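Okay, predicted coordinates and the sequence, questions at the end:
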Amino acid sequence: MAMQREVGVGDFVLMDKLDLESFMRNLELRFKNGRIYTYIGEVCVSVNPYRTMNIYDQNYVEQYKGRELFENPPHIFAIADASHKVMKQQGRDTCIVISGESGSGKTEASKIIMKYIAAVTNQDSFRNPSGQKEIERVKNVLIQSNSILEAYGNAKTNRNDNSSRFGKYMDIHFDFKGDPIGGHISKYLLEKSRVIHQQPGERNFHCFYQLLGGAGDDVLKRLNLTRNPDHYFFVKQGNAHKVDTINDRNDYRDVVSSLNTLQFNKDDQDLLWRVVAAILHLGNVEFDIDEEKLILKKSKAVDCVADLLKVEKRDLETALCERVIAARGDIMRKEHTEVEAAFGRDAFAKAVYDRLFGWIVDKINAAIAVDANNYSKNYKSSLIGVLDIYGFEIFENNSFEQFCINYCNEKLQQLFIELVLKQEQEEYNREGIAWTNIEYFNNQVICDLVEAPHQGIISIMDDACKMTAEKVTDEMLLEALDKKLKGHKHYMSRQTKPSEKNLKHKIEFRVTHYAGDVTYSILGFLDKNKDTLFQDFKRLLYNSKDANLKAMWPEGAQHISEITKRPPTAGTLFKNSMQALVQNLQNKEPHYVRCIKPNEIKSASAFDEERVRHQVSYLGLVENVRVRRAGFAYRQRYDRFLKRYKMISQFTWPNFRSGSDKDGVRVIMDENNFADDVKYGKTKIFIRSPKTLFALENARNALIPGIVTLIQKTWRGYVAREQYKRMRALMVMIKVYRQKKAREYINALERKFARAGSMRDYGKSISWPAPPLSMRESTKTLRKIYNRWRAQKILERIPRSEWPQMKLKITAASVLINKRPEYGVNRKWEGNYLSTHMENNNYTVFNEAVNNLKNTKHFGNVLFSSYVTKFNKFNKVAERVMLVTDQAVFKLDCEKFRNMKEGVAIGELTGLSVSPGHDQLIVLHCPGSNDLVVSLHCLKQEDRIGECVGVICDRYFQIRKAELPVKVSKTISCSLGGKQKLINIQVSAAEEKATFKKDGNNVAYVLPSNFSIVENGNNHIKQ
């Protein structure tokens, strides 16, 4: 983005020559060159450009974000950023007061400020998207609410096509990060008389024309409306429904979109447009006199109003034509005159619209209200107030509304005088700072003229309204004003100053405001101040079938005979609200935008010097420059200043103990070479140049991260130490608790197993109690100890010499029990059967051959030996000797006991397979897909399968530390020569001993008839 070339002087304070002429020349020069913003110190003077300016996009937002005022050309963004910065950095509530006369651009300025604040907040939403959705919603509501409030609260006047006809003050609440978390809108004095009357060239509120011009045909048909505004009296009086700068169709779509964004549901939106339509029809209700009796002229208007407001037509007609009066306990009906009926109809229309507008504001406030549960308890929120209120007005016919509006501007001017001119000069004198007083006009006398108790115009009006209505007229009110205010230099009428021929006798009076003389017509003042609405209309709407409309009129529930307190007048209510507003603004750090209207013809190039000079004069801008040039940009109490900037100096950080707070402040300023730009008062330091303050802030900001890190480090250390102490205490508690539970568990075990030693099963049948969580691993060890003790008790009855054999039997039982009915567990297992003459007549040859083999193969002991019948891969049957050593399994011939082939290492076996019967078949599954298939046989006809399995499995476990798989099945699979085959067990009477035969592609293991085959757990052939 190209930087704008500076034209003229961007800050009036920096002008070489200061007088009204120089001020005007600089303002005109900048305006004609497109520089609509100029500073007076920290006050922004804004001239309405009457055209679209391309100076508000995201590039400009980035240019002004976080910058100081003097770093960039003057811009309203800088004022918004300064207000946000003070609120965020110092935690102080701030406000932006936008002032100026009607048509000077106040409403647009407020919208620009709102959009800037929305653009610079919630910048780190990517870190916590879910937590930032609410902030985005609040920002969207704050922005979107403008179009709704403008539709129902703004109108075209002869001076401004989008004039605010109500006052708006918006508080935006921010969290500690500076992001908006909610807000609240306050409204002031809606100009509801515009609903029923407009001056030539002016329009009613925008919403009426938006409905007629922008709504769909189906909506208009449902509301019984046509598009022509000339058909409706309440919107045709100004004869200006077509405006070049306004597109009612597009604005209607924008309003509907905003209503959806603000969560106005379908019924809410329907109510809004129904009430607007009802008021349009109500303006067409006319009255007539028939035989001295008031009647309604025939038309569809009454039917439409009753239908749209959802009230009974008969009740509406009654309320329009007569009213119920309660007097001294009696209730009577009084028929209206034609004038009274018209007055009642108009008051009804104004009141309905005013309540509707208040309901809209309440709905918006509900949508943006701060969630007290989330923020008020945890964080101290700060806020920025934005005041956009009607400007000073002088019309051809000025009535009660213009009187209130101009009084409002008097109060805001008084606030500006108090804060910027009067208080500042008084503070210099109070603090002992050398100062030459600057003269300025103080409009307090005008404020007193309007609001003073008993003597002010509002008080005099209230006194007149308290009297019986039939006895007091507007003319009598003017006489009372003349009597009490005669001689006041800011008030006159034809009666108090007969020489003023241009004032209408007994009709007009003039107030000399700070912005100029305004002539007011007294006609209607009393009625507008009393703001009378017959109770009949309140009861009518309270009985509406529309729940929202009914809720707007709670006073309609009162019975006619109930005595109620006289409500405050409109003038008093407005005065009180203005005083509360000023008090609210005084409690905040103010920032000002002073809006100037360059001409009356809404031209982007014309600069009406006389018109602008008048505004500059009554706004006191030149006096503001003089005070600013002579004064100081910043002042602060010594204690607060020292607290904020003490980290800048090593002599004041972390605490200054060498004197008073004033001495500490002096040390900071002297050390940083700022002594020439400051003055020291009695209780405060005064800094003349903003650059000095910015330099202090920059120095402070550079040190803050280190201080924050130090605080975080200290705090985290403290938190960690406290957490460690808590954890240590918890560990002690847990340890004691676990010890207690462990003792209880051990005691329980002790009681349960006290007699285990005398039991037959040594306590095997005793159920163990459930251990505590901390004892689960220990319980496993206790069970092992118990099992070893129980095993020891059992083994005590068995000689130690038989323990190795017992171990083998247990190993065999672990894989064969309940699977094979007999496996030799009841006999003594000898192991090397062929080494003795009991089994082998050639035992000496056998032993010699085994010794030779031991020397060759380097094994230790022979664990098992037996004669076997072997079946090989060539389907041949041979008699062999199977020798099981501690290293391998060997096959020997039966005569000289020579090794037939390289043995199979026990550790390389992949499994064993045996049958579930009494046969002696065993298959050793070997690597290389060539298993050893043998049938054991001996002279004693003993079952030695169990012993063989136990020996091999035990040794395998010793070598591999794992269990060798053993399969027990009547059909055994084996691999011979790389081919898978099944061994089927058969019985044949022709065979005398067990042998193998080829059975197709499988193998048949044939048993003599004295064996049995176990089939599904049953012996089919008995021995």
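Alright, I've got the coordinates. Residues are numbered from 1 along each chain as shown.

in the stretch 251-400 of the chain, which spans are helices?
Secondary structure of the stretch 251-400 of the chain by DSSP state H, counting those that start in this stretch: the helices cover 266-282, 301-309, 313-321, 338-368, 372-375, 400-416.

For those helices, give me JSON lines that also has mean pLDDT, distance to Ala452 and mean neighbour count.
For every residue, glycine as well, the C-beta is placed using N, CA and C. Formatted as JSON lines, those follow (pLDDT from 0 to 100; distance: least, Cβ to Cβ, whole Å; neighbours: other Cβ atoms under 10 Å):
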{"stretch": "helix 266-282", "mean pLDDT": "94", "distance to Ala452": "37", "mean neighbour count": "21"}
{"stretch": "helix 301-309", "mean pLDDT": "93", "distance to Ala452": "42", "mean neighbour count": "21"}
{"stretch": "helix 313-321", "mean pLDDT": "90", "distance to Ala452": "39", "mean neighbour count": "18"}
{"stretch": "helix 338-368", "mean pLDDT": "91", "distance to Ala452": "28", "mean neighbour count": "19"}
{"stretch": "helix 372-375", "mean pLDDT": "58", "distance to Ala452": "39", "mean neighbour count": "12"}
{"stretch": "helix 400-416", "mean pLDDT": "85", "distance to Ala452": "12", "mean neighbour count": "23"}
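
just checking, what's the longest helix in the chain?
helix 690-752 (DSSP state H).

Show me the shaky parts of the stretch 151-300 of the chain.
Nowhere does the stretch 151-300 of the chain drop to pLDDT under 70.

Then the stretch 401-550 of the chain?
Those would be 420-424, 435-440, 468-471, if you go by pLDDT under 70 across the stretch 401-550 of the chain.

Pretty sure Glu991 sits against Val1006.
Yes: using Cβ atoms under 8 Å, Glu991 is in contact with Val1006, at 5.2 Å.

Compare the two and say which is more crowded by neighbours.
With neighbours defined as other Cβ atoms under 10 Å, Glu991 and Val1006 compare such that Val1006 has more, 20 against 15.

Could you verify that the more buried one is part of a strand?
Yes: when DSSP: H, G, I helix; E, B strand; the rest coil is applied, Val1006 is found to be in a strand.

That one: what's it in contact with?
986-988, 991, 994-997 (Cβ atoms under 8 Å, 6 or more residues apart in numbering).

Now with 6 Å, please.
Contact analysis of Val1006 by Cβ atoms under 6 Å, 6 or more residues apart in numbering lists 986, 988, 991, 995, 997.

Distance to Asn787 for the helices of the stretch 251-400 of the chain - can I get that in CSV?
Listed next are the helices of the stretch 251-400 of the chain as CSV, based on distance: least, Cβ to Cβ, whole Å:
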stretch, distance to Asn787
helix 266-282, 78
helix 301-309, 93
helix 313-321, 97
helix 338-368, 74
helix 372-375, 62
helix 400-416, 94
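
Out of those, the one nearest Asp608 is which?
Asp608 lies closest to helix 400-416 among the helices of the stretch 251-400 of the chain, at 20.1 Å (Cβ to Cβ).

can you list the residues that contact that closest one?
The set of residues external to helix 400-416 that reach it, using Cβ under 6 Å, 6+ apart, is 99, 189, 191, 193, 390, 392-393, 443-444, 446-447, 450, 513-514, 520, 525, 528, 574, 578, 582, 585.

Buried only: go through these for me.
99, 189, 191, 193, 390, 392-393, 443, 446-447, 450, 513-514, 520, 525, 528, 574, 578, 582, 585 (16 or more other Cβ atoms under 10 Å).

Which ones among those lie within helices?
Using DSSP H, the buried ones among the contacts of helix 400-416 in helices are 446-447, 450, 525, 528, 574, 578, 582, 585.

farthest-separated two in these?
Phe525 and Leu585 (28.2 Å).

Tell me which helix or strand the residue sitting furthest away from the middle of the chain sits in.
Computed with Cα atoms, centre = their mean, the residue of the chain farthest from its C-alpha average is Asn841, at 98.6 Å. Here Asn841 is covered by no helix or strand, with elements defined by DSSP states H and E.

Quick check: it vs Lys854, distance?
Distance, Asn841 to Lys854, by Cβ to Cβ, to the nearest Å: 22 Å.

Then Ser102?
Using Cβ to Cβ, one obtains 124 Å as the distance from Ser102 to Lys854.

which of the two has more neighbours?
Comparing Ser102 with Lys854 by other Cβ under 10 Å, the one with more neighbours is Ser102, at 23 against 15.

In contact with the closest residue to Ser382 other than its chain neighbours, which residues?
Leaving aside its sequence neighbours, Ser382 sits nearest to Met87 (Cβ to Cβ, 6 or more residues apart in numbering; 4.7 Å). Taking Cβ under 6 Å, 6+ apart, we find Met87 in contact with 94, 382, 384.

All set, thanks.
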